[in-house]
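Trainee: Coordinates for the following, if possible.
(one chain, ligands or ions: 1)
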Amino acid sequence: MRTDHATDLEITMENPVLRGDLSFEDYHEILSSEPRTISVSYQDRHLFEITIPPSVFNPIISRSAQALIDIILKGDIPVAGSRFVDLGCGCGIIGLAAAEKSSKSVLYTDINPNIDFLQSHPKFRPDIDRVMTQSFCEKEKENSADIVVFSLPSRIRDQKPSDESVKAAYLRDLDFIPTMIKKISHVLVSGGRFVFWYGIHPNQMHYFSQFIIELSEFFDRNSLACLLEYQFEDGYTSTIYSIVKK
Ligand SMILES: C[S@@+](CC[C@H](N)C(=O)[O-])C[C@H]1O[C@@H](n2cnc3c(N)ncnc32)[C@H](O)[C@@H]1O
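Mentor: Next up, the predicted model:
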C-alpha cells in the first residue's frame, strides 16, 4: 500500500485558471464553462493532450485522476490485454492512460452526454474503443469487461444532480452505491477487477464501511486490496481500492 501521492505524472493546463479563494464547486463551474486544453506527461515523456469541452469535469486539481493514472502507468493493475472500462470517463484521461498501457479495448462511458468528442481524440482506436453515454454501464452486455475503473463522486446529498451538470462529477445521492455495485458486477467477468477511487470526508467513515459491506455481495471480500491511502491536513482521506468479482 502506498501512503502518499508521490508521482512521476504531470498534468498541466494551457492558460491556467487561478483558484484563489473560490470554493471547489465554484472553481469547477468556471473550469467547465469553456473548452480547456490539458497536457499529460509521465516520467518527463509527453503522452497526450485533451481539449475538454464545456460541462465536462476538468481533472486539473483532481486528487483521483492523478492517483488512478499513476497506478495504471506504474503497472500496479493488469491493464495490458484487458477489456478496460473507464466508467465516469469525463474527459477520458484514465481510459487514454489504459490505451497507453495496451489495453485490448477501452469503453469510455459517462452519464454526461458531452463525451462524444473522445471519438476524434488521436489516441482513440476506431473499431477497438467505444464511447457511450449511459448510467453505470447499464447498456453493456453481461461479462463484457475485465477491469472497471471509477472515480466515485465523493460528496453526498439527498438529491441527484442533473446528468449533464459538472456537479454529477462530485455529488451523489444515497441510491448511487447500491445501483452502481449491481451494474458493475453485471458487466464484469468472474475474476474481473473493480478499481475505485473513494474520497472519505471527515466524519463520513460510516458511508465507506457500508459501501465495503455492500460490495461483498458480488465481490470477493478477501481480494480487497488498498492500493493507496493518503490523509490530507483537512482530514479528508483519498483512497484507491481494488476488488475482484466472485
Ligand atoms: C470525479 S468525476 C471523474 C471524471 C474522470 N474520470 C476524471 O478522472 O477526470 C466522476 C464522473 O462520473 C460521472 N458519473 C456520475 N454518475 C455517473 C453514473 N451514474 N454513470 C456514469 N458516470 C457517472 C460524472 O459525470 C463524472 O464525469
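Trainee: Please tell me how far residue 40 sits from the ligand.
Mentor: In this structure, residue 40 and the ligand are 11 Å apart, going by CB to the nearest ligand atom, to the nearest Å. C-betas here are computed from N, CA, C, even on glycine.
Trainee: Also residue 49?
Mentor: Taken as CB to the nearest ligand atom, the span from residue 49 to the ligand is 15 Å.
Trainee: Phi and psi next, for that residue.
Mentor: phi -120, psi 150 (degrees, to the nearest 10).
Trainee: Tell me which helix or strand in this structure has the weakest average pLDDT.
Mentor: The helix or strand of the chain with the lowest confidence, counting by mean pLDDT, DSSP states H and E, is strand 155-156 at a mean of 89.
Trainee: Enumerate every residue touching residue 48.
Mentor: 39-40, 96, 100, 121-123 (CB atoms under 8 Å, 6 or more residues apart in numbering).
Trainee: need the strands for the chain, in chain order.
Mentor: With DSSP state E as the criterion, the chain has strands at 9-13, 36-42, 45-52, 83-87, 105-110, 130-133, 145-151, 155-156, 171-172, 188-200, 219-231, 237-245.
Trainee: per-stretch mean pLDDT over these, give me the minimum one.
Mentor: For these, mean pLDDT drops lowest on strand 155-156, to a mean of 89.
Trainee: check whether that one contacts the ligand.
Mentor: No. Using CB under 6 Å from any ligand atom, strand 155-156 never reaches the ligand; the gap is at least 10.2 Å.
Trainee: again, but for stretch 13-25
Mentor: No. Stretch 13-25 lies out of reach of the ligand by CB under 6 Å from any ligand atom, never closer than 11.4 Å.
Trainee: What lies in contact with that stretch?
Mentor: 27, 30-31, 36-39, 58, 60-61, 167, 170.
Trainee: which of the residues you listed has the most neighbours?
Mentor: Within the contacts of stretch 13-25, residue 58 tops the neighbour count with 26 neighbours, counted by other CB atoms under 10 Å.
Trainee: hang on, isn't that residue packed against residue 32?
Mentor: Yes. Residue 58 is within contact range of residue 32, at 5.7 Å (criterion: CB atoms under 8 Å).
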